[in-house]
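Q: Curious how this folds, go ahead:
(2 chains, ligands or ions: 2)
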Protein chains: 2
Amino acid sequence: VLSTSKSIPDPHQRDQLLQQEASQQVGGRVDLTAAEQRLDSLLHKLKEQEMVAPHFPPAMHFFKAKPYIQKSPIFRLLQKMPKGAVLHIHNSALVGVDWLVMNVTYRPHCYVCFTWSGSVQFLFSTQRPFPRWGCSAWSLLEHVRATISDVSAFDKSLMKNLTLFTEEPDVAYPTQEVVWERFEQTFMAISGLITFAPVFKDYIYQGLQQLYDDNILYLELRAGLSKIYELDGTIRDSEWSIQTYRNITEQFRLEHPDFVGVRIIVTVHRILSLSQVEIALKETLELQKRYPEIITGFDLVGREDSGKPIWYFREVLSLPTEVKAKLSYIFHAGETDSYGTDVDRNVLDALLFNTTRIGHGFAVAHHPLAKELSRKRRVPVEVCPISNQVLKLVSDLRNHPAAILMSEGHPLVVSSDDPTLFGNAGLSYDFYEVFVGIGGLSANVGTLKELAINSIRYSSLPTVLQDKAMIIWQQKWDKFVLENSL
Amino acid sequence: VLSTSKSIPDPHQRDQLLQQEASQQVGGRVDLTAAEQRLDSLLHKLKEQEMVAPHFPPAMHFFKAKPYIQKSPIFRLLQKMPKGAVLHIHNSALVGVDWLVMNVTYRPHCYVCFTWSGSVQFLFSTQRPFPRWGCSAWSLLEHVRATISDVSAFDKSLMKNLTLFTEEPDVAYPTQEVVWERFEQTFMAISGLITFAPVFKDYIYQGLQQLYDDNILYLELRAGLSKIYELDGTIRDSEWSIQTYRNITEQFRLEHPDFVGVRIIVTVHRILSLSQVEIALKETLELQKRYPEIITGFDLVGREDSGKPIWYFREVLSLPTEVKAKLSYIFHAGETDSYGTDVDRNVLDALLFNTTRIGHGFAVAHHPLAKELSRKRRVPVEVCPISNQVLKLVSDLRNHPAAILMSEGHPLVVSSDDPTLFGNAGLSYDFYEVFVGIGGLSANVGTLKELAINSIRYSSLPTVLQDKAMIIWQQKWDKFVLENSL
Ligand SMILES: [Zn+2]
Ligand SMILES: [Zn+2]
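A: Numbering: from 1, shown residues only, chains lettered A, B, ... in the order given. Ligands and ions are numbered 1, 2, ... in the order given. Prediction:
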């Protein structure tokens, strides 16, 4: 043995290096029970099979990959798996599009108009609303449907307007600019439906139900201070929205005691002016004083490449420190591939403003210094693979830079950003992409476990509630492992 | 100032962090002369313009990007720039396809046959060669051309068979498997042309001329121990090839005294058996004893995902150490996105076998431990962006993992792998992709300078010859900077 190890690299040393590398990755130091190890072997075998199959979903655009993912036995396991919390999801894209069209647009008083750019807008109203610039005359949906022979095809076309789904995404969306324009347009279309007060309440409930069904136990929702309208035109203020979030969540928790709750990260569009952002931030600070169990953070949203960088808002953003408020920043940062530009400094600036998590952080791996800071301060990156793919930051998800963060054991959580718009719901699809695509064959049950635990430990919940959530999660996890490791 | 810096992050501290980050990148510590700084400003301005233009070449497939790159003023500067050495290029793909078709196939005695899979094969012979399985009957190209009305279209179709170029690469090559099959087929087609002894000599000369014209001063060529044939069927052995490389290089250097030379890395296909690899390695060791100024290393080539991993050959590969030979390994390793598989261990194993450089190393950034080892031992990664894109490891080159290595100041050289097959020549296109795409706006004149110097300092040349090459390069560089910084 000794003579061989002089010429060949020592196989024992090699094993040690491989083990050392494996232990560095996300989940690499998680101890596994015997049952977890059995589940791990099963998942490993399944993953090897999927990696050599003719269609490897993570290498394909999600719109083409979805039917293959649905057939995957790994995906079906991930659906059943208790995934912990969802920490990055936007309130306008929380619920599947089927429900929006088949439930919401079938409600009375729903008006529709068709925009010049081929999209739609909705408004609930007792009488025909005032015409909107860029849109056809308003028609009552009920009447439109009555004149149409193929209502099912019409409903499908409505659904198409409420998601980015298309059979040929690379043709429909040749550039980031094109897909982002369509993205913002779709939000506009959804907005008229879900900001109608009665729908708003049902929408929140439906959203929680879908997450719960996907084995999620807690939600941190990014939501703008948008106004909610009643049928008679009355406008409800943001306080009313916050109270509604609270009330619906309480109602949902009564019926689902193993759901932990909802907290809100207030968002404002980064395209707005300094003074508009200042107004929103001040309102958030006020709201947080009154609803500290609900309002947990503040964020700037919208495309980073076309909006203003964090540093532009620096004076305004120092307000909470000045008034000694306890509002956290939970910034979107580094959702870009414009490396080296001003926008690309958002990751560093988010950290300098003590962000508690980094939304997307697609660019984090490209900034060794910021990466180190994020790791040392335990500021996790919220990885949203399907969102990054649909919005054209990456095509083959094996190339997602989170793979590098995973290999280094960087603090990470998995999230889904805008499931409605991606024709998606819950978190299982994103977990599939992370586990099978980004993580490759190295990702294992320890990885899944650490990612689920991270989602609770990196949430804004106070420690007591985190502990409570951990107990609930652990029970579900043990049951899941037991049932799937036979 | 003090009171503001309590709330806002201190702008000075931020500047320091940004500078610290900039200094970590490849070229970040290179001192620039006043003239170099002027060139840098110019390049920065040009790059900003290209980043916002409607077609950003590094985001497109090279086959579509090429005409845009040719129009780029940055590209034209990079063509003129003294780029140092090319360290990763294969002997079968050294010369532009135009020369192969318009010069080589017009020589007398050139026979062609058309394969069942739609490719071609060539053979020079005084009489009609013996038929080949899978190919039509051999026809003299002269006769074929005489019967064809549109010879120019025919020649274009031949060119198409000698490169991977196609107008719609994503349609023609839906998977890595498909493009690799076509890739190997194309090598077969080229082989019959360039292994004909008289062509072989001219081919080497022409290859050196094209590199020289692209402002390259030294070449490290990966070449198999392939047999060269004469018109009468005589077969020349590898020693004859090595002597020919030496003689042609000497002839070229007589006419171009500022060209430093050529060294050969002997390659063997990783799909071969242990004993076949052993025979090739032993032959290489013998050749190296006799031609130590030419034979510099040994490598395993071919698609890693379908060949055998380095560890499979471990016993054979320990031979040079056993016999105390001075042959370097310069392994292809990590040209894969099958993370976590056996193939994915090639990067670590290449390092354990003391590879002096890592060919491609696409997977290096995914292996923190191997990355650290490569950095500490100053084992550079040979980045071949266009090759990785065409062979479908990455589509948008901004996502190439070398971006992360660049941001960390990892030892890197730029190379072009198989220019013929990519419809390319020299190194300027790959330099463009690295400078504009992978490096983003952060890459600057310091980056270019360090990459060029790296290509000399990480070559297999002994220090004396490196110093000589550096002197030649520095003179050319100073002239280039002076002429382009007005
Ligand atoms: Zn988001
Ligand atoms: Zn190569």
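Q: Up against chain B, what does the stretch 151-300 of chain A have?
A: Taking CB under 8 Å from any CB of the partner chain as the contact definition, the stretch 151-300 of chain A meets chain B at residue A:170. (Each C-beta comes from the backbone N, C-alpha and C, glycine too.)
Q: Can you name the residue of the stretch 151-300 of chain A nearest chain B?
A: residue A:170 (7.3 Å; CB to the nearest CB).
Q: helix, strand or coil for that residue?
A: Under DSSP: H, G, I helix; E, B strand; the rest coil, residue A:170 falls in the helix class.
Q: quick one: contacts for it?
A: Applying CB atoms under 8 Å, 6 or more residues apart in numbering or on different chains to residue A:170 gives the contacts A:61, B:170.
Q: Residue A:425 too?
A: Residue A:425 makes contacts with A:95-96, A:210, A:214, A:419, as judged by CB under 8 Å, 6+ apart.
Q: and with 10 Å instead?
A: Contact partners of residue A:425, counting by CB atoms under 10 Å, 6 or more residues apart in numbering or on different chains, are A:94-99, A:207, A:210-211, A:213-214, A:416, A:419.
Q: Can I get those in a markdown table including distance to residue A:13, neighbour count and pLDDT?
A: Listed next are the contacts of residue A:425 as a markdown table, based on distance: CB to CB, whole Å; neighbours: other CB atoms under 10 Å in any protein chain shown; pLDDT from 0 to 100:
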| residue | distance to residue A:13 | neighbour count | pLDDT |
| --- | --- | --- | --- |
| A:94 | 51 | 25 | 94 |
| A:95 | 54 | 27 | 95 |
| A:96 | 52 | 20 | 92 |
| A:97 | 54 | 24 | 94 |
| A:98 | 56 | 14 | 95 |
| A:99 | 57 | 17 | 96 |
| A:207 | 52 | 27 | 97 |
| A:210 | 50 | 17 | 97 |
| A:211 | 47 | 28 | 97 |
| A:213 | 49 | 11 | 97 |
| A:214 | 44 | 22 | 97 |
| A:416 | 42 | 29 | 96 |
| A:419 | 46 | 30 | 93 |
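Q: Pick out whichever of these sits closest to residue A:472.
A: residue A:211 (14.2 Å; CB to CB).
Q: That closest one touches residue A:94, doesn't it?
A: Yes - using CB atoms under 10 Å, residue A:211 is in contact with residue A:94, at 8.1 Å.
Q: Now list whatever residues contact both of these two.
A: A:86, A:219, A:221, A:416, A:419, A:425.
Q: okay, among the residues you listed, which ones form the most distant pair?
A: A:221 and A:425 (14.7 Å).
Q: so where do the strands sit in chain A?
A: Under the criterion DSSP state E, strands of chain A are mapped to A:84-90, A:110-114, A:120-124, A:139-140, A:216-224, A:228-229, A:235-236, A:261-269, A:295-301, A:328-329, A:332-333, A:358-360, A:381-383, A:412-414.
Q: How many residues are close by residue A:236?
A: By other CB atoms under 10 Å in any protein chain shown, the residues close to residue A:236 number 17.
Q: what sits against the residue nearest to it when sequence neighbours are not counted?
A: Distances taken as CB to CB, 6 or more residues apart in numbering or on different chains place residue A:228 nearest to residue A:236, at 4.1 Å, with adjacent residues excluded. Neighbouring residues of residue A:228 by CB under 10 Å, 6+ apart: A:194-201, A:234-238, A:240-241, A:244.
Q: Repeat that for residue A:271.
A: By CB under 10 Å, 6+ apart, the neighbours of residue A:271 are A:184, A:277, A:300-303, A:306-308.
Q: per-residue pLDDT, residue A:338?
A: Listed pLDDT for residue A:338 reads 90.
Q: ok now do it, which residues does it touch?
A: A:176, A:304-305, A:344, A:363, B:51-52, B:398, B:440-441.
Q: With residue A:116 instead?
A: So residue A:116 contacts A:133-136 (CB under 10 Å, 6+ apart).
Q: and if you look at residue A:159?
A: Contacts were defined as CB under 10 Å, 6+ apart; by that measure residue A:159 touches A:96-98, A:100-102, A:105, A:165, A:423.
Q: Can you tell me which of those end up in helices?
A: Of the positions in these, A:97-98, A:100-102 sit in helices, assigned by DSSP state H.
Q: For these, work out which two are farthest apart.
A: Farthest apart among these by CB to CB are A:97 and A:102. That separation is 9.1 Å.
Q: Check whether residue A:147 really touches residue A:141, as I assumed.
A: No - in this structure residue A:147 lies outside contact range of residue A:141 using CB under 10 Å: 11.0 Å.
Q: Overlap in contacts, these two.
A: residue A:154.
Q: Among those two, which residue is more densely surrounded?
A: residue A:141 (21 against 9).
Q: Not counting its neighbours along the chain, what's nearest that one?
A: residue A:110 (4.5 Å).
Q: ok, that neighbour - contacts?
A: So residue A:110 contacts A:104, A:122-125, A:140-142, A:144, A:192-193, A:196, A:199 (CB under 10 Å, 6+ apart).
Q: Tell me which residues touch residue A:14, please.
A: So residue A:14 contacts A:8, B:311, B:314, B:345, B:348-349, B:352 (CB under 10 Å, 6+ apart).
Q: go on, residue A:89?
A: By CB under 10 Å, 6+ apart, the contact set of residue A:89 is A:207, A:211, A:216, A:219-223, A:265, A:382, A:384, A:415-420, A:426-427.
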